[in-house]
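In: Output the structure for:
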Amino acid sequence: MSRNKVLVVDDESGVRFGIRDFLEQHGYEIEEAESCQDAQHLFRTSRPDIVIADYMLPDGTALDLLPRLKEIDAGIPLLVLTAHGSIDLAVRAIKEGAEQFLTKPLELPTLLVILQRLLQKQRNYHKQLASKSRQVRQAIDPFIGTSAAIRNLADQARKILSTESPVLILGETGTGKGVLARWLHDNSPRADEAFVDLNCAGLTRELLETELFGHEKGAFTSATASKQGLFEVAHRGTIFLDEVGDVDLQIQPKLLKVLEEKRFRRVGDVRDRQVDVRLIAATHQDIGQLVREKRFRDDLYFRISTIPLSFPALRDRIEDIPTMAQYLLNKVSADLGRGELRLDQGCIRALQAYSWPGNIRELRNVIERAVLLSDQKNITLNDLHFDGHTQVGAPFLDSRLTLQELEKQHIERVLQEEQGRVEKAAKRLGIPRSSLYQKIKKHQIQSSKV
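Out: Residues are numbered from 1 along each chain as shown. Below you'll find the model as predicted:
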């Protein structure tokens, strides 16, 4: 991640040099401008963390510049310098939104203390927002369960927490890709910065472009004011693009430019803007097939898939379903003030026998519906309903089956769906091929199934 950046605005080169030389020794990155116009341009494109501006400039004053900068980004503090300070001028500057009013000759150690204080204030503010966002979302643990598939995913995810490379999360709808993306952010060095997410599915090219990159006033008929894009909002943090396979082909080159050059342009603007974000993308589609069909750029695919993670479907880790279901039951019952609830064995067997096309999202819906329809402490088979009317257990199993019998049925079904290919079936089940052979022998599964 980049160093703290300061924009110094002063028409005296000696003053700019003195501030630059001192602050660079203390780890700051410096941008310089000589006028209001230059400052406004650099403010848009270089994204400083703080602005230090002389009061008198060739084309205006710092108080003329201040509202223009606030219109672009009201969250960046501005310090005003002047060789002819007065109480009235200081009061005006503070009222207009300046953070500090300092007189020349400038005491550089004092300036350093002020910068450190303001930056710490900003960091604390962003930490509070990030913490509040995490509490509001109350995202579930993405690694609930003990199956080999979910443990392998957890191991891979933990290994990449400190990296800045893009991540591509693959998996069916409802498996928890968004939860994993949030977990990666919350446990990364960017955890105290913004996490911004956007589902790209169904968005028109125009809407997606302005959502991601923003637009300038007058860029199109309804653009009555300038708008920040999500990449600007996510500066220094993480942006999560769900269903990235749906991104329009005309938008993909701009997305690639952000990833490779950390630069982009708002719609209707001619100037590049710098941004520092980490991208996490997700899709339920076979994105490799989209590349082969020329519906997704291969260069963008290679860039976003630097670190691929595959989220297993719920039906491929049935041993995790009891733990996951009870976890969701605890959350739902707590939200509804129902106290401690339990799932009986018949209910658990039914949940494990179902194929869960909607994965964890569907499981939560079924659990929540069961809690709402039951007034008992134990959730039973009769409380489970799918699509609001069908009993989950009834069409899929005899509730008198043991877990061993359910396991046999599930293995037979997966082998049949994979046309007897043991390696593919083992991958879906989240177990080693040797373990699947042992289970085939243990359950005496007929060779016709294999």
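In: Tell me how this protein divides into domains.
Out: 5-122, 149-312, 315-391, 403-449 (automatic domain parsing).
In: the helices in the stretch 101-250 of the chain, which residues?
Out: Along the stretch 101-250 of the chain, counting by DSSP state H, counting those that start in this stretch, helices occupy 108-137, 148-159, 177-186, 205-213, 230-233.
In: show me where pLDDT drops low in the stretch 51-200 of the chain?
Out: Scanning the stretch 51-200 of the chain for pLDDT under 70 picks out the ranges 85, 125-140.
In: switch the cut-off to 50
Out: 136-138 (pLDDT under 50).
In: just the stretch 251-400 of the chain next, same as before
Out: Ranges of the stretch 251-400 of the chain meeting pLDDT under 50: 388-398.
In: rerun that using 70 as the cut-off
Out: 387-400.
In: show me where it has strands.
Out: In the stretch 251-400 of the chain, strands defined by DSSP state E, counting those that start in this stretch lie at 263-264, 273-274, 278-283, 307-310, 342-343, 378-379, 385-386, 390-391, listed in chain order.
In: out of these, deepest packed?
Out: strand 278-283 (a mean of 25; mean count of other Cβ atoms under 10 Å). Yep, even glycine has a C-beta here, placed from its N, CA and C like the rest.
In: Which elements pack onto that one?
Out: On a contact count with 3 or more Cβ pairs under 8 Å, 6 or more residues apart in numbering; DSSP states H and E, strand 278-283 meets strand 167-170, helix 177-186, strand 238-242.
In: Out of these, which is closest to I94?
Out: Minimum separation from I94 across those (Cβ to Cβ) falls at strand 238-242, 34.5 Å.
In: tell me the most buried of the helices of the stretch 101-250 of the chain?
Out: Sort the helices of the stretch 101-250 of the chain by mean neighbour count, taking mean count of other Cβ under 10 Å, and helix 177-186 sits at the top with a mean of 23.
In: Which residues does that one contact?
Out: 134, 137, 139-142, 153, 157, 160-161, 167, 169-171, 191, 195, 197, 237-238, 240, 242, 278, 280, 282, 284, 309, 311 (Cβ atoms under 8 Å, 6 or more residues apart in numbering).
In: Just list the residues touching T323, thanks.
Out: So T323 contacts 144-146 (Cβ under 8 Å, 6+ apart).
In: for these, which one is nearest L372?
Out: Nearest to L372 among those is I144, at 22.4 Å by Cβ to Cβ.
In: So C36 versus L23, what's the distance?
Out: Noted for C36: a distance of 22 Å to L23, by Cβ to Cβ, to the nearest Å.
In: cool, and R433?
Out: According to Cβ to Cβ, R433 and L23 sit 60 Å apart.
In: Which one's more surrounded, the two?
Out: In terms of neighbours (other Cβ atoms under 10 Å), L23 is the more surrounded of R433 and L23; the figures are 20 against 14.
In: Using the three-state scheme, assign that one.
Out: Following DSSP: H, G, I helix; E, B strand; the rest coil, we place L23 in the helix state.
In: List the residues that contact it.
Out: L23 neighbours (Cβ under 8 Å, 6+ apart): 6, 30, 111-112, 115.
In: In JSON lines: those, plus distance to E293.
Out: Formatted as JSON lines, the contacts of L23 follow (distance: Cβ to Cβ, whole Å):
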{"residue": "V6", "distance to E293": "48"}
{"residue": "I30", "distance to E293": "48"}
{"residue": "L111", "distance to E293": "57"}
{"residue": "L112", "distance to E293": "56"}
{"residue": "L115", "distance to E293": "52"}
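In: Return the backbone torsion pair for C200.
Out: Note on C200: backbone dihedrals following degrees, to the nearest 10 are phi -80, psi -10.
In: got it, and L7?
Out: Torsion angles, degrees, to the nearest 10, at L7: phi -100, psi 120.
In: Tell me the confidence at the closest residue to it other than its chain neighbours?
Out: The shortest distance from L7 to any non-neighbouring residue, by Cβ to Cβ, 6 or more residues apart in numbering, is to P48 (3.9 Å). Predicted confidence (pLDDT) for P48: 89.
In: where does P48 land in three-state SS?
Out: Here P48 is recorded as coil under three-state DSSP.
In: picking up where we left off before, right, and the helices and strands packed on strand 278-283 - which one's nearest Q416?
Out: Among the helices and strands packed on strand 278-283, the nearest to Q416 by Cβ to Cβ is strand 167-170 (24.4 Å).
In: Can you pull out the residues in contact with the closest one?
Out: For strand 167-170, the external contacting residues (Cβ under 8 Å, 6+ apart) are 160, 177, 180-181, 184, 244, 279-284, 287, 304-311.
In: just the CA coordinates of stretch 421-434, formatted as PDB?
Out: The C-alpha coordinates for stretch 421-434 follow below in PDB (Å, rounded to 0.1, in the frame of the first residue of the first chain):
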ATOM      1  CA  ARG A 421     -15.600 -41.500 -12.800                       C
ATOM      2  CA  VAL A 422     -14.200 -42.000  -9.300                       C
ATOM      3  CA  GLU A 423     -11.700 -39.100  -9.400                       C
ATOM      4  CA  LYS A 424     -14.400 -36.600 -10.300                       C
ATOM      5  CA  ALA A 425     -16.800 -38.000  -7.800                       C
ATOM      6  CA  ALA A 426     -14.100 -37.900  -5.000                       C
ATOM      7  CA  LYS A 427     -13.400 -34.200  -5.900                       C
ATOM      8  CA  ARG A 428     -17.200 -33.400  -5.600                       C
ATOM      9  CA  LEU A 429     -17.400 -35.200  -2.300                       C
ATOM     10  CA  GLY A 430     -14.300 -33.400  -1.000                       C
ATOM     11  CA  ILE A 431     -12.400 -36.600  -0.100                       C
ATOM     12  CA  PRO A 432      -9.300 -38.300  -1.500                       C
ATOM     13  CA  ARG A 433      -9.800 -40.800  -4.200                       C
ATOM     14  CA  SER A 434      -8.400 -43.600  -2.000                       C
END
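In: still on that earlier bit, save the strands of the stretch 251-400 of the chain as a markdown table, and put in distance to A223 too.
Out: Converted to a markdown table, the strands of the stretch 251-400 of the chain look like this (distance: least, Cβ to Cβ, whole Å):
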| stretch | distance to A223 |
| --- | --- |
| strand 263-264 | 17 |
| strand 273-274 | 17 |
| strand 278-283 | 26 |
| strand 307-310 | 36 |
| strand 342-343 | 53 |
| strand 378-379 | 52 |
| strand 385-386 | 46 |
| strand 390-391 | 48 |
